[in-house]
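*Asks:* how would this look folded up:
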Amino acid sequence: MNLIICSHLLPPHLGGVEQYTAAFAKEAARQGHLVSVITTTSDASPIPDVEIRTVRAIPLLKGRFPVIADPWSFSRATEVFRRRTPGLAIVQTRFYPGSLLFALAARTSGWKTVIIEHSSQHLPFPGAQRIADGYEHAISYLLRGTGARFLGVSRAAASWLAHFGIVADGLAPNAIDDNLFCIQPPTKRSAVVLYAGRLIAEKGVDTLMDAFHLFIQKHSDWQLRIAGDGPLKNKITGANVHYLGSLSRDQVLAEMLSCGMFVYPSRYPEGLPTVLLEAGAAAVPVLATPRGGTPELIRDGETGTLVDDITAGSLAQAMSRIAEDGARAYQLGVALRELVRSNYVWSTVVRDVLARYAEPPR
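*Replies:* Numbers count the residues shown, from 1 in each chain. The predicted model follows:
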């Protein structure tokens, strides 16, 4: 199949959508499809056997909201729609104005178009929420008019589309590489609480640090290790607290394989966080909050622990329960690993998504 993925952001830019796009493209190419990615990320990391085409854009909101500003580079990048036999165009994501341009370019050239939804509620814009929400409704209405189909990375994301009058075809779940399951997780773990992700208030990092200070009053031998980058990195201080900086995926996995628990106290409208899938591959006990698609993966008492009350006290109590019942925590980690291995690997996700939109045999 001819496949073109339009994603404004790609690695090395940090974010779940960026990782999703790169991994999906890599696996599709590995399965023998002809894959191109169109992006506004000028320094995009190479993807094996994938052509990357770049559109120039203005990086608004500290680079999180690129706006296409050069019609000539857009025309050059999207001429691949006209040059190739029409196949499938995947657009990431619904929120960008450039997504409308990509969807129109694909439709004009006869390509099937699918837009993948990664959110489960309105994105937070403090001080301008009503404006942002109005914009989101407007862009969603316009994208619906292109005739594009929609998929969600989780059931929560697919359900959220109904808020905009959109019925999702189904799911294109976030996933991880099959080879992460080649490593056998340890049966004994160190007294370490781990967090890895963006260091922003919406991810609950500040609350986690407050919770850890309460937690070590009873469990003084435990350490808190935090990996990532963001505006809160200079506030990561305190007894037994260690800032690891921005780590590679392999380095994060190594931390997961040794830590005693992974805590993800997000307040963000998550789709299906990659880092929780990676924690599953490592069979680490997970403590998380029920935001977006997280409860589809972290099932309280079955594959992990969920805390709805995002306060330092509630998190500290849940951390203590995990620390004090190692056998139970181990069982939850193993159950999470099996759930991820059965449902959230790229080889299966890519095959199923592309088969859904493949042309029927003639």
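*Asks:* Please, where are all the helices along this protein?
*Replies:* Counting by DSSP state H, one finds helices in the chain at the ranges 16-30, 71-83, 97-108, 129-144, 155-160, 205-215, 249-258, 274-281, 294-297, 312-324, 326-343, 346-356.
*Asks:* Give me the helices and strands touching the last one, please.
*Replies:* Taking 3 or more CB pairs under 8 Å, 6 or more residues apart in numbering; DSSP states H and E as the contact definition, the neighbouring helices and strands of helix 346-356 are helix 16-30. C-beta: built from backbone N, CA, C; applies to glycine.
*Asks:* buried stuff in the helix it packs on?
*Replies:* 16-29 (16 or more other CB atoms under 10 Å).
*Asks:* Rounded mean pLDDT for that helix, please.
*Replies:* Here helix 16-30 scores 95 as its mean pLDDT.
*Asks:* pull the CA atoms of that helix into CSV?
*Replies:* Output of helix 16-30 as CSV, limited to C-alpha atoms (Å, rounded to 0.1, in the frame of the first residue of the first chain):
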residue,chain,number,x,y,z
GLY,A,16,3.4,11.1,22.3
VAL,A,17,2.1,12.0,18.8
GLU,A,18,5.6,12.3,17.6
GLN,A,19,6.6,8.9,18.9
TYR,A,20,3.4,7.4,17.5
THR,A,21,4.0,8.7,14.0
ALA,A,22,7.6,7.6,13.9
ALA,A,23,6.9,4.1,15.2
PHE,A,24,3.8,3.6,12.9
ALA,A,25,5.8,4.7,9.8
LYS,A,26,8.8,2.5,10.7
GLU,A,27,6.6,-0.6,11.2
ALA,A,28,4.6,0.1,8.0
ALA,A,29,7.8,0.3,6.0
ARG,A,30,9.1,-2.9,7.7
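*Asks:* tell me the angle of that helix relative to helix 249-258?
*Replies:* Angle of helix 16-30 versus helix 249-258, following axes from the mean of the first three to the mean of the last three CA atoms, to 10 degrees, is 100 degrees.
*Asks:* hmm, back to that, I'd like the helices of the chain as JSON lines, with distance to S42 appended.
*Replies:* Listed next are those as JSON lines, based on distance: least, CB to CB, whole Å:
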{"stretch": "helix 16-30", "distance to S42": "14"}
{"stretch": "helix 71-83", "distance to S42": "10"}
{"stretch": "helix 97-108", "distance to S42": "14"}
{"stretch": "helix 129-144", "distance to S42": "24"}
{"stretch": "helix 155-160", "distance to S42": "28"}
{"stretch": "helix 205-215", "distance to S42": "29"}
{"stretch": "helix 249-258", "distance to S42": "22"}
{"stretch": "helix 274-281", "distance to S42": "23"}
{"stretch": "helix 294-297", "distance to S42": "33"}
{"stretch": "helix 312-324", "distance to S42": "39"}
{"stretch": "helix 326-343", "distance to S42": "34"}
{"stretch": "helix 346-356", "distance to S42": "26"}
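*Asks:* Figure out which of those helices is closest to S120.
*Replies:* The minimum distance between S120 and those falls on helix 155-160, with 4.1 Å, by CB to CB.
*Asks:* and V50, what does it touch?
*Replies:* A25, K26, A29, V35, S36, V37 (CB atoms under 8 Å, 6 or more residues apart in numbering).
*Asks:* any low-confidence regions in the stretch 1-150 of the chain?
*Replies:* Within the stretch 1-150 of the chain, no range satisfies pLDDT under 70.
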